[in-house]
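J.: no sequence for this one, just the structure:
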């Protein structure tokens, strides 16, 4: 079974609108971390945001927030007031503290395109 | 602070040649990861090191691939002999076990390898 599932291969959003990128995960590890990375067309992988499984509040970093629903095993990324520069590939990822130590498992990604 | 540094940024070589990719992690980081990214297979973890010691090399495709980390500030990934199917973008990433974060990984710019 896939550990990280991103069901939206591609999305188009109008500039200035909010966008939600879906991510569900599967783990039996009681302690884990969830990450989102951005990969623009230039190719670099940029770390955006992190959420620990024991964190009580949803993580936020500027315009990025992680909508963490533990019971549903979802970790959606929300980008507020989207900008043209947000057009990129976005990867959800997970680290299982006990099962896989420092390894991070990546999803297949969602390509986000922002329309002017 | 300097991020993860990789060289070369682009490499074009002929089948059968030896290829060496280089990485300098972020100073103070104790984990180093090598990934390969292709359209078909996505982002694959090849090997990772902790304190210069290889921890998990289960992702290394075959014996033609080898990786070393002689010290905390340098690692190499070598392919000998190279084959056209090795063409991909190779990323190096580093992370730290210090602090209260989630061991988020910071990626280098990648090396785009083309084997003809």
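T.: Yes, it's here. Keep in mind the model is a prediction, meaning the values are calculated, not measured.
J.: For chain A, what lies in contact range of chain B?
T.: Proximity of chain A to chain B (C-beta under 8 Å from any C-beta of the partner chain) is limited to residues A:33, A:35, A:37, A:43-47, A:50-52, A:91, A:95, A:101-104, A:106, A:108-109. Heads up, the C-betas are built off the backbone N, CA and C, glycines and all.
J.: Mind giving me the PyMOL select for those, buried ones only?
T.: If you want just the buried ones from the residues of chain A next to chain B in PyMOL, going by 16 or more other C-beta atoms under 10 Å in any protein chain shown, the selection is:
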select buried, chain A and resi 33+35+37+44+45+47+50+51+52+91+95+102+103+104+106+109
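J.: In strands, which of the residues of chain A next to chain B fall?
T.: Members of those lying in strands (criterion: DSSP state E): A:33, A:35, A:37, A:46-47, A:50-52, A:91, A:95, A:106.
J.: Grab the two from these that are most spread out in space.
T.: The span of those, defined through C-beta to C-beta, is set by A:46 and A:52 at 19.9 Å.
J.: tell me the contacts of the closest residue to residue B:107 other than its chain neighbours?
T.: Spatial nearest neighbour of residue B:107, excluding adjacent residues (C-beta to C-beta, 6 or more residues apart in numbering or on different chains): residue A:45 at 3.8 Å. By C-beta atoms under 8 Å, 6 or more residues apart in numbering or on different chains, the contact set of residue A:45 is A:37-39, A:91, B:91, B:93, B:107, B:110.
J.: Repeat that for residue A:48.
T.: A:35-38, A:61, A:64, A:77, A:90.
J.: Recalculate using a threshold of 6 Å.
T.: Residue A:48 makes contact with A:36, A:38, A:64, according to C-beta atoms under 6 Å, 6 or more residues apart in numbering or on different chains.
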